[in-house]
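> Make a model of this:
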Amino acid sequence: GLYRFETTYYHYSEPTALGSVSKELSTFDRSALNFWSKRLCAMPWMKQGDLHLQCSWMKGEFLVPKEHLSEDDDSSLASPGDVILLAEDEGFRVHSELISAKSAKLAAAVRFQMMNQESDDDHPNDRPIELKIELSSKMCKYLLQHIYHGSIFCGWPITSIKGDVCGEILEMALVAEEYLIPSLKHECEMRLLSAHPKRCYCWSCCTVVQSCCCTTDAKNDNSTRDVVMDQQSMHVYECLYRINGPSRLLDETSVLDVLAVSQQFQEFKSEKGLKFWSLLNIPVNNVFSDKTVWENHRKNKNCLSVDFEGVKHAAIEVFFNSFCAVIQSPSYSLQMQATFEEDDADSQRSDQENEMQIMLVQACLDELSKSTMVCTSNSKYSKTEQSSRIDEALTKS
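I've put the predicted structure just below:
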């Protein structure tokens, strides 16, 4: 659990005419990146209730009285999007150029609806496109926070039950996979690994930012496709953020659910996977310049090539360290209930459960032996060591 992880994502600035993009970004002034965040703040649902904001920039933004905004700012923020996302019984008015740049699935849906609208004489061109999405309104709000602001910063369960937060992050990871948003999947993995899983990782809160000096046609989360652009281009910035372990959310009640979701991602190679260091190898109290941080990031070869590989490794460690508690957890009981037939005899069920425990331990050892993090530390388990870990785990139970 004593690891530092870091990853990067692309954030987009104000749409500008091609060729007029600034190539410089002040180390201390990131205000050029707030264009879409301000539009997120102007959305009606962002003004409802106590948001429990985790982002310092957002807290400052909501403290600014409306009368302090200039007329230009006020009119620009009020400019509605050209797409309405319909989730459950709520409609979310959004901007096609941004959601298309971040999500391949939404980009395809926007293009399809645009083509239908052009061929429909009864459909006014200035009427927004409506897209029905199979998400809860809460998941849609998380999705839009990531797309517009770069990170989820509000809406987390305020309960002290860790499983509630963990469950929503796992659900959001599956949404990220469905909507083809790699940066959101990485954010979910980073939160599961973090000692502070509710923190904001936006362009304002992240560790460092650099200008990519290129358009979204060249840099986007899904670079194999065209992006919906209207003779305009958004400038791109790369944001790097870090988290330190050990994980706050991974415990005996959550590891089996985390492993189940991780298993769904094992076939997906990550183009920009998480990078990691052992905290034991990081100098304490050293302050590095932004340039040094980027150089160290590029030089670090400890890169996870499969989505959720880091959180799978951490979950397996918790599994072995808390094996007795894991097999007494509600999650384990549910899995056993789904496996056994109701009319199985108690003796038969006991034998089957022992077999399941052995298979579960063996599967975790096999995954651990293939882990990039284990291979990097040159500590692969031999067959003898694997047998020893199985005996140790089953003895505890």
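
> Can you give me the neighbour number for residue 40?
Number of residues near residue 40 (other CB atoms under 10 Å) recorded here: 21. (Each C-beta comes from the backbone N, C-alpha and C, glycine too.)

> Please identify the helix or strand for it.
helix 35-41 (DSSP states H and E).

> and that helix, how far out from the chain's middle?
Relative to its parent chain, helix 35-41 has a centroid offset of 20 Å by CA atoms, centre = their mean, to the nearest Å.

> what is the rounded mean pLDDT of it?
The average pLDDT for helix 35-41 rounds to 93.

> Give the other helices and strands that that helix contacts.
Secondary-structure packing of helix 35-41 (3 or more CB pairs under 8 Å, 6 or more residues apart in numbering; DSSP states H and E): strand 3-16, helix 56-63, helix 71-77, helix 137-149.

> Of the ones you listed, which is nearest residue 263?
strand 3-16 (20.0 Å; CB to CB).

> buried residues in that closest one?
Using 16 or more other CB atoms under 10 Å as the test for burial, strand 3-16 gives 3, 4, 5, 6, 7, 8, 9, 10, 11, 12, 13, 15.

> swap in stretch 196-207?
197, 198, 199, 200, 201, 202, 203, 204, 205, 206, 207.

> mind checking how far the nearest residue to the third one once chain neighbours are set aside is from residue 204?
Setting aside the residues directly before and after it, residue 199 is nearest to residue 54 in space (CB to CB, 6 or more residues apart in numbering), at 6.0 Å. Residue 54 is 12 Å from residue 204, where distance means CB to CB, to the nearest Å.

> again with residue 258
Between residue 258 and residue 204 the computed distance is 29 Å (CB to CB).

> What of residue 373?
Counting by CB to CB - residue 373 and residue 204 are separated by 30 Å.

> what's the answer for residue 362, then?
According to CB to CB, residue 362 and residue 204 sit 46 Å apart.

> again with residue 325
In terms of CB to CB, residue 325 sits 39 Å off from residue 204.

> tell me, how many neighbours does residue 297 end up with?
Residue 297: 16 neighbours (other CB under 10 Å).

> quick one: the host helix or strand of it to strand 3-16, angle?
According to DSSP H and E, residue 297 maps onto helix 290-299. Interaxial angle, helix 290-299 versus strand 3-16 (axes from the mean of the first three to the mean of the last three CA atoms, to 10 degrees): 110 degrees.

> how far does helix 290-299 sit from the chain's center?
Distance, centroid of helix 290-299 to centroid of chain: 22 Å (CA atoms, centre = their mean).

> Please name every helix or strand in contact with that helix.
Packed next to helix 290-299, using 3+ CB pairs under 8 Å, 6+ apart, are strand 208-215, strand 233-244.

> most packed of the ones you listed?
With neighbours defined as mean count of other CB atoms under 10 Å, the helices and strands packed on helix 290-299 peak in mean count at strand 233-244, which reaches a mean of 22.

> looking only at pLDDT, what's the mean for it?
pLDDT averaged over strand 233-244 gives 90.

> That strand: what's the following helix or strand?
helix 255-264.

> If you count neighbours, what's buried in that next one?
Buried residues in helix 255-264 (16+ other CB under 10 Å): 255, 256, 257, 258, 259, 261, 262.

> Rebuild those residues as a markdown table, extending it with pLDDT.
Shown next, in a markdown table, are those (pLDDT from 0 to 100):
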| residue | pLDDT |
| --- | --- |
| 255 | 94 |
| 256 | 94 |
| 257 | 94 |
| 258 | 95 |
| 259 | 94 |
| 261 | 94 |
| 262 | 93 |
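
> Relative to residue 157, which of those residues is nearest.
Closest to residue 157, out of all of the buried residues of helix 255-264 and judged by CB to CB, is residue 257, at 15.6 Å.

> Pull up the gap between residue 212 and residue 238, please.
Distance from residue 212 to residue 238, by CB to CB: 5 Å.

> And residue 348, by the same measure?
From residue 348 to residue 238 the distance is 57 Å (CB to CB).

> Name the residues of the helix or strand encompassing residue 175 that are buried.
Using DSSP H and E, residue 175 sits within helix 162-178. Residues of helix 162-178 classed as buried by neighbour count (16+ other CB under 10 Å): 162-163, 165-166, 168-173, 175-177.

> Quick check: which helices or strands does the helix or strand residue 369 falls within pack against?
Per DSSP H and E: residue 369 is located in helix 346-370. Counting contacts by 3+ CB pairs under 8 Å, 6+ apart, helix 346-370 is packed against helix 309-321, helix 330-339, helix 383-396.
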